[in-house]
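In: I would like the atomic coordinates for the input below:
(2 chains)
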Protein chains: 2
Amino acid sequence: MASYDKHPGKLFIISGPSGAGKGTICKRLIEDSDAGKIELSISMTTREKRVGEVDGKSYYFVSKESFIEKISEGGFLEHAEVYGNYYGTPKEKVLAKLSEGIDVVLEIDIQGALKVKEVYPNGIFIFILPPSMSILRKRLTGRGTDSMETIDMRLAQTLDELSYIEEYDYVVVNGELEEAVNRVKAVVTAEHSRVTKNIKKLLMDKYKEEA
Amino acid sequence: MASYDKHPGKLFIISGPSGAGKGTICKRLIEDSDAGKIELSISMTTREKRVGEVDGKSYYFVSKESFIEKISEGGFLEHAEVYGNYYGTPKEKVLAKLSEGIDVVLEIDIQGALKVKEVYPNGIFIFILPPSMSILRKRLTGRGTDSMETIDMRLAQTLDELSYIEEYDYVVVNGELEEAVNRVKAVVTAEHSRVTKNIKKLLMDKYKEEA
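Out: The predicted model follows:
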């Protein structure tokens, strides 16, 4: 590829309501791409490592003390506390990948995405939507993990979260999975063809030298 | 498709230096797409119809008088005079397609694209680039239609035209045709997933009604 195509990697934030299918889409995005081109962001957490989990693959497992220190240093793109455990996206890990020219995919809920946007507005924010509220209800019920109350709460939350859609760059409806995956892939490809601020200089230098 | 996907068609301006291959890319874009989804813009001209050309397909053939009247009415997205003949992109024909939800592809040189941008800044402007000046020279020479002087002039012009690249949204290097066509197709798909100004209201209405 020509040198002006070698701008560093891009951060794609795949976000959306619970049950929209963002996890499946992210998994496919990574699986279908050439090795070393795009990678999932790995979260840091203070929760106990479970059987089968690998440090640095499933999560970065750290103590509460080091997590809190990292917060105070501004070391996270976002972080949250859930049931007494901390979870966060370590900034320097993501930035290191990006500067190597590797795209990073961050799967995250809407609150988290909005926090990331404050710290890294150059990210590309993709909102994954269920095709309808009734299908979302069906999906959440089908999981069999949540009570009816929890599901009702999540549906109400989804309506709430829709109001943040204008903070995003793209919206992809996940009705048919293949279609949704292809749309997200198209966004990744297209974003790498975007005219960037430094492209004019890069091109002029390259073409003039040659002419 | 859901109703919030039914925003009207989009105008894609495929532009770039002579010899970059914009014509071939446009042709493939239309050929590979489902009928009625995306169409080439048809120019209006005052030049004589040639054998085999069909009015309303190759061009809209009109008299000089009606062309000039149309100019005075602001009826063109852009127009130019070449060797005493007029050529232009009729605004109402393009807008009619867009409002029917059909994408329109406009293949045009850089001067024309810049004029279109003044009238229709919502267009999506794609700059097609040859991979290098030496390959561009080879392509222009290979055509066998231009003198060395003309080719030298075109190469100098290309360098000049590169300075307008920041007016564009995307840049696609046409080294390998399939790769370039796929990139332009990805841009078309991605642009249809863009969060638009009215999407929030459309979505809220749809999802609330259903909830």
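In: where are the low-confidence patches of chain A?
Out: A:1-7, A:211 (pLDDT under 70).
In: Would you map the strands across it?
Out: A:11-15, A:38-40, A:44-45, A:60-61, A:76-82, A:85-90, A:103-108, A:124-129, A:170-173 (DSSP state E).
In: List the pairing partners of the second one within its sheet, with orientation.
Out: Here strand A:38-40 has these sheet partners by DSSP bridges: strand A:103-108 (parallel).
In: and A:Ser58, what is it in contact with?
Out: A:Ser58 is in contact with A:42, A:49, counting by CB atoms under 8 Å, 6 or more residues apart in numbering or on different chains. The C-beta positions use only the backbone N, C-alpha and C, and glycine is treated the same way.
In: Apologies, that question was intended for A:Asp146.
Out: A:140, A:154.
In: measure it to A:Leu177 for me?
Out: In this structure, A:Asp146 and A:Leu177 are 22 Å apart, going by CB to CB, to the nearest Å.
In: So for stretch A:42-53, first residue to last residue, what's the gap.
Out: 12 Å (CA to CA, to the nearest Å).
In: Now do it: distance to the chain's middle.
Out: 19 Å (CA atoms, centre = their mean, to the nearest Å).
In: Look up the closest residue to the spatially most central residue of chain A, ignoring the ones flanking it.
Out: In chain A, the centroid-proximal residue (CA atoms, centre = their mean) is A:Leu106; its distance is 2.1 Å. The shortest distance from A:Leu106 to any non-neighbouring residue, by CB to CB, 6 or more residues apart in numbering or on different chains, is to A:Ser41 (4.4 Å).
In: same deal with A:Gln157?
Out: A:Pro17 (7.0 Å).
In: How many residues are close by the one you found?
Out: 25 (other CB atoms under 10 Å in any protein chain shown).
In: show me the contacts for it.
Out: Here A:Pro17 is in contact with A:110, A:129-130, A:136, A:154, A:157-158, A:161 (CB under 8 Å, 6+ apart).
In: Which of these fall in helices?
Out: If you go by DSSP state H, the contacts of A:Pro17 have A:110, A:136, A:154, A:157-158, A:161 in helices.
In: quick one: which of those residues has the most company?
Out: A:Leu136 leads these on contacts (other CB under 10 Å) with 25 neighbours.
In: If you drop the residues flanking it in sequence, what lies closest to it?
Out: Per CB to CB, 6+ apart, closest to A:Leu136 is A:Pro130, 3.9 Å.
In: Which stretches in chain A count as helices?
Out: Using DSSP H, helices in chain A cover A:22-31, A:64-72, A:91-99, A:110-119, A:133-143, A:148-162, A:177-191, A:199-210.
In: Distance of the residue nearest to A:Leu136 relative to B:Gly84?
Out: A:Pro130 is 59 Å from B:Gly84, by CB to CB.
In: count of neighbours near A:Arg143?
Out: 10.
In: Same question for A:Val184.
Out: Around A:Val184 there are 25 residues (other CB under 10 Å).
In: Might one say that A:Gly21 is in contact with A:Leu129?
Out: No - counting by CB atoms under 8 Å, A:Gly21 stays clear of A:Leu129, with 9.4 Å between them.
In: Common neighbours of those two, please.
Out: A:Asn174.
In: circling back to that earlier point, could you pull up the contacting residues of the residue nearest to the centre of chain A?
Out: A:11-14, A:40-41, A:77, A:89, A:94, A:116, A:123.
In: want to throw the residues you listed into CSV with distance to B:Ala186 and neighbour count?
Out: Putting the contacts of A:Leu106 into CSV (distance: CB to CB, whole Å; neighbours: other CB atoms under 10 Å in any protein chain shown) gives the following:
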residue, distance to B:Ala186, neighbour count
A:Leu11, 18, 22
A:Phe12, 14, 25
A:Ile13, 19, 27
A:Ile14, 17, 26
A:Leu40, 21, 15
A:Ser41, 23, 20
A:Leu77, 26, 26
A:Thr89, 27, 26
A:Val94, 24, 23
A:Val116, 24, 23
A:Gly123, 19, 20
